[in-house]
Each structure stands twice: as structure tokens, then as C-alpha cells.
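# Everything below, folded, please.
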Amino acid sequence: EVQLVESGRGLVQAGGSLRLSCAVSGFSFDDYFIGWFRQAPGKEREGVAVIRRSVGFTQYAPSMKDRLRISSDSAKSVVYLQMDSLKPEDTGVYYCGAVFELPLGGWTESDEYDFWGQGTQVTVSS
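Purely as a prediction, here's the structure:
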């Protein structure tokens, strides 16, 4: 059974940090691109970062890249997202998703992802 399980939800103050985790099972971790997306109320899901460590691939949303670090642990099949200098506009539900081949339109094409987690809430207070 394929599972992606996010953890690390939290309420933090602006300027704070948070690390999210995505534990993967049921498919070959090294063969998939694992992406983090977020969705704020009333807005579309947007890509935050993606990684496939086995091929040395990482990408970040340009507007956030200075505040993010995505990493993975193949032995544990876990992808981490470290977020620093958090802002109230970072509030939303954060999802991890997995895709075998990068979508032609780019890694942020969430509709093309094969598997998703249930999401975890991040709230940043001002």
C-alpha cells in the first residue's frame, strides 16, 4: 500500500522556523520525485520544493527558496522541508506528493503527481 504521511504541523510566530517530514512507503523511494506543495484557504495548490536525491535534483519555488531547505534520507524513506523566517502568508495545508516522471510542464504541475499525503496544517501568526 502506497502511503505518504506528513508530520510537523504547528503554530509558529512570524520569523520562526518549522521542519516538516514526509514518510514514504509502498514504492521505491529513490525512483520518485517527492514534492512539497501548500494550499492556503481559497487558493490553488502551489509548489514549494521538490527533490529526487538519487539523481541530484532539487528545485524550489523562486519566491521562497532563500527560506527553504529540502532534504531526504533514503535509508528512512523520509523527505524533510526546513522552513525559516516564516511569514503569515506561509499559512496553509502542506502536502507531499510523489511523481515518477517530471511533468512536461514542470515539477509544480500538481495534477500530474501519482500519490499524495493527507496534508499537515501550518499556521504562522503575526
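# What's opposite Gln13 in the beta bridge?
With DSSP bridges as the criterion, the beta-bridge partners of Gln13 are Ser125.
# Wait, it touches Asp90, no?
No. Between Gln13 and Asp90 there is no contact under CB atoms under 8 Å: 11.7 Å. Backbone N, C-alpha and C define where each C-beta goes, glycine included.
# any shared contact partners between those two?
Jointly contacting Gln13 and Asp90 under the rule CB atoms under 8 Å, 6 or more residues apart in numbering are Val124.
# Those two: who's more crowded?
More crowded of Gln13 and Asp90, by other CB atoms under 10 Å: Asp90, with 20 against 10.
# Surely that one and Met83 touch.
Yes. A contact is recorded between Asp90 and Met83 when judged using CB under 8 Å, the distance being 6.9 Å.
# Pull up the overlap in contacts between these two.
Contact criterion CB under 8 Å, 6+ apart; residues bridging Asp90 and Met83 by contacting each: Val122.
# Many thanks, we can stop here.
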